[in-house]
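K.L.:
All I have is the shape, not the residue letters:
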Ligand SMILES: Nc1nc2c(ncn2[C@@H]2O[C@H](COP(=O)(O)OP(=O)(O)OP(=O)(O)O)[C@@H](O)[C@H]2O)c(=O)[nH]1
Ligand SMILES: [Mg+2]
């Protein structure tokens, strides 16, 4: 009887797992962001920035935030590694695209990569957070990113640009909270559930 009740309690109190895919150009600050998020929400502090190397494969973060169990996938952004991003699209609830706001010269390259990702049917309906990172170096860097990244033309997808600094943590909590809320409001979780049941 106890185990039955315990099982029921475990089932009812189980938190939804939301999978967030973090992509963006090389050196935009994705891994620094992941480690900052781990420090803000996890049980152990994330890696110090000086210990972070360019990502070749995948970094994973698992933590609880905003009443959700988050699984974060951080992929390498170097040109030769971008071809594996799409392997993660079908299983992601949300997309977190990081841009280096202190490097306007790379915004066009970022726009192309973002456009390519959003064109994938596998990301249908997935909310998008663009993190305009490194605003500690360029405080006005977030302004205008929305238009320059083509976000104003997006239809049928929740999207937002969040000015932030992965180094200091400014804007990180707000951005992540918005993303989790948007996934809850969207049909993306139900879509992924349907796909999993059919498979
Ligand atoms: N000033 C400043 N520097 C940052 C910030 N975020 C990251 N950096 C620096 O940017 C550089 C690249 O950071 P990473 O986190 O390795 O970038 P990445 O996007 O994971 O790069 P890849 O793994 O190569 O795709 C490092 O020197 C970081 O310390 C930030 O918010 N402000
Ligand atoms: Mg990295």
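P.N.:
Structure received. Note that this is a predicted model, so its numbers are computed, not measured. Residues are numbered from 1 along each chain as shown. Ligands and ions are numbered 1, 2, ... in the order given.

K.L.:
Only the buried residues of the helix or strand hosting residue 108, if you could.
P.N.:
Assigned by DSSP states H and E, residue 108 belongs to helix 107-118. Within helix 107-118, the residues that qualify as buried are 107, 110, 111, 113, 114, 117, 118, counting by 16 or more other Cβ atoms under 10 Å. Where C-beta positions appear, they are placed from N, C-alpha and C, glycine not excepted.

K.L.:
Pretty sure residue 33 sits against residue 166.
P.N.:
Yes. The criterion here is Cβ atoms under 8 Å, and residue 33 meets it with residue 166 at 3.9 Å.

K.L.:
quick one: which of those two has more around it?
P.N.:
Each of residue 33 and residue 166 had its neighbours counted (other Cβ atoms under 10 Å), and the higher figure belongs to residue 33 (28 against 25).

K.L.:
before we move on, what SS does the more buried one have?
P.N.:
Following DSSP: H, G, I helix; E, B strand; the rest coil, we place residue 33 in the helix state.

K.L.:
What is the end-to-end distance of stretch 138-153?
P.N.:
Using Cα to Cα, to the nearest Å, the end-to-end distance of stretch 138-153 comes to 25 Å.

K.L.:
and the helix holding residue 108, anywhere near ligand 1?
P.N.:
No. Helix 107-118 is not in contact with ligand 1 by Cβ under 6 Å from any ligand atom; minimum separation 11.1 Å.

K.L.:
which residues touch that helix?
P.N.:
If you take Cβ atoms under 8 Å, 6 or more residues apart in numbering as the criterion, helix 107-118 is touched by 23-25, 28, 82, 85-86, 89, 95, 97, 99-100, 123, 128, 130, 145, 148-150, 154, 157.

K.L.:
Filter those residues down to the ones in helices?
P.N.:
Secondary structure of the contacts of helix 107-118 is defined by DSSP state H; positions in helices are 145, 148.

K.L.:
Of the contacts of helix 107-118, select the buried ones using a ChimeraX command.
P.N.:
To isolate the buried members of the contacts of helix 107-118 in ChimeraX, using 16+ other Cβ under 10 Å:
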select :23,24,25,28,82,85,89,95,97,99,100,123,128,130,145,148,149,157
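
K.L.:
which one is residue 86 nearest to, not counting chain neighbours?
P.N.:
Leaving aside its sequence neighbours, residue 86 sits nearest to residue 120 (Cβ to Cβ, 6 or more residues apart in numbering; 5.9 Å).

K.L.:
I should have written residue 170 there, sorry.
P.N.:
Counting by Cβ to Cβ, 6+ apart, residue 170 lies nearest to residue 164, which is 6.0 Å off, once chain neighbours are set aside.

K.L.:
One more: residue 187?
P.N.:
residue 125 (5.8 Å).
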